[in-house]
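[1] Prediction below, plus the sequence it came from.
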Amino acid sequence: MAEVNSVKKALAILDLLSDRNSRSLSEISKALALPKSTVHSLLETLTLARVLERDVESGSYSLGIRLIELGYCAQTGLDLVRIAAPFLKGLNVRFDETVHLTVLDNDEVLYIDCIESQRRLRTYSVIGVRAPLHCTSVGKAILAFLDDGEIRRIIAERGLPGFTENTITTEARLWEEIAHIRDQGYAIDDREHEDHLRCIGAPIFNARGEVFASMSLSGPAERNTLERLESMVSALLEATGEISHRLGFRNREFSRARGENHITPANSY
């Protein structure tokens, strides 16, 4: 309960400062009818987290840069679902395979939207489910376009657990795969996460040029041969390229220039 009250008080401070006027400790304490000691503790915590900024000369507090960053992330997430919706539908209608939209979250992919195939044998919706980065097409499509240092950290902390005989479980092999994905602009899951599924995924970039999401087409391996996946490449890259552009990413040729490459099975290196 004490933690809840502290959160409420912290939010009250943010609401008070939302008029863009900076205020001193005394002014905040008086406006909220809270003890100075309580307000001081909250201000110190919020400032340390960059949620608030303190002017060294006046000692007054104002909203910090972290709120802009959080607001940007929230808005980008909302925009992503809205912007991507017609592209999910278009790919689903064209290929009649399940289309997934995912975002990077806590070093995993989180499935946030889906349109299922109408076929009897199909991949079903997994909205709200999380999956590893190293063995899914949506995950590898994101992983490959992170900084090398970030990739190393994720490998060190998450490991490379095996799920099928095709799962990449060695760091050397994964770096080979990352180089391949970076070259062609998309990733495949050749029965690496589930024995009976093949998927193709491509990255989505935000206005900062950061990869933060991905989209995939997936279906039963018996129907989704590597040759059939190859026929989906151009359409998928066109969709993710346009989504990225509408989110503010300006390198529109990034994906399109890679649509001419041929798919190589994940276990063929």
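    Received the coordinates, thanks. Quick caveat, the model's predicted, so the values are computed rather than measured.

[2] number of nearby residues for the closest residue to residue 170 other than its chain neighbours?
    Distance criterion C-beta to C-beta, 6 or more residues apart in numbering; nearest residue to residue 170, sequence neighbours excluded, is residue 160 at 6.9 Å. Where C-beta positions appear, they are placed from N, C-alpha and C, glycine not excepted. Residue 160 has 17 neighbours, counted by other C-beta atoms under 10 Å.

[3] residue ranges with poor pLDDT in the stretch 1-150 of the chain?
    1-4, 68-78, 121-122, 124-125 (pLDDT under 70).

[4] where exactly do the strands run in it?
    When secondary structure is read from DSSP state E, counting those that start in this stretch, the stretch 1-150 of the chain shows strands at 52-54, 61-63, 98-105, 108-115, 130-131.

[5] Now distance to residue 43 and mean neighbour count too, for the ones you listed, in CSV please.
    Below are the strands of the stretch 1-150 of the chain laid out as CSV (distance: least, C-beta to C-beta, whole Å; neighbours: other C-beta atoms under 10 Å):
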stretch, distance to residue 43, mean neighbour count
strand 52-54, 6, 19
strand 61-63, 6, 18
strand 98-105, 30, 24
strand 108-115, 33, 19
strand 130-131, 36, 17
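
[6] want to throw these into a markdown table with distance to residue 200?
    A markdown table is the format used below for these (distance: least, C-beta to C-beta, whole Å):
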| stretch | distance to residue 200 |
| --- | --- |
| strand 52-54 | 45 |
| strand 61-63 | 43 |
| strand 98-105 | 11 |
| strand 108-115 | 14 |
| strand 130-131 | 15 |
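
[7] which residues of the stretch 1-150 of the chain fall in helices?
    Assigned by DSSP state H, counting those that start in this stretch, the helices in the stretch 1-150 of the chain fall at 2-17, 25-32, 36-48, 65-95, 137-143, 148-158.

[8] most tightly surrounded among those helices?
    helix 137-143 (a mean of 29; mean count of other C-beta atoms under 10 Å).

[9] before we move on, the earlier item: out of the strands of the stretch 1-150 of the chain, nearest to residue 33?
    strand 61-63 (17.3 Å; C-beta to C-beta).

[10] what about the helices of the stretch 1-150 of the chain, which gets the closest to residue 120?
    Nearest to residue 120 among those is helix 65-95; the distance by C-beta to C-beta comes to 15.7 Å.

[11] Who are the contact partners of residue 79?
    Residue 79 sits next to 246-247 when contact means C-beta atoms under 8 Å, 6 or more residues apart in numbering.

[12] quick revisit: for the residue nearest to residue 170, give its distance to residue 136.
    As for residue 160, its distance to residue 136 is 13 Å (criterion: C-beta to C-beta, to the nearest Å).

[13] same question, residue 197
    Counting by C-beta to C-beta - residue 197 and residue 136 are separated by 9 Å.

[14] Please look at residue 115 and residue 89 and confirm they touch.
    Yes - contact criterion C-beta atoms under 8 Å: residue 115 and residue 89 qualify, at 6.0 Å.

[15] can you list the domains in the chain?
    Per automatic domain parsing, the structural domains of the chain span 2-63, 72-256.

[16] Between residue 197 and residue 136, which has more neighbouring residues?
    Using other C-beta under 10 Å, the more surrounded residue of residue 197 and residue 136 is residue 136, with 29 against 20.

[17] Tell me how far the more buried one lies from residue 145.
    Separation of residue 136 from residue 145 (C-beta to C-beta): 15 Å.

[18] Surely residue 43 touches residue 52?
    Yes - using C-beta under 8 Å, residue 43 is in contact with residue 52, at 6.4 Å.

[19] Need the overlap of contacts for the two.
    Contacts common to residue 43 and residue 52, judged by C-beta under 8 Å, 6+ apart, are 13, 61.

[20] intersection of neighbour lists for residue 197 and residue 136?
    residue 189.

[21] And the strands of the stretch 1-150 of the chain: which comes nearest residue 16?
    Closest approach to residue 16 among the strands of the stretch 1-150 of the chain (C-beta to C-beta): strand 61-63, 9.7 Å.
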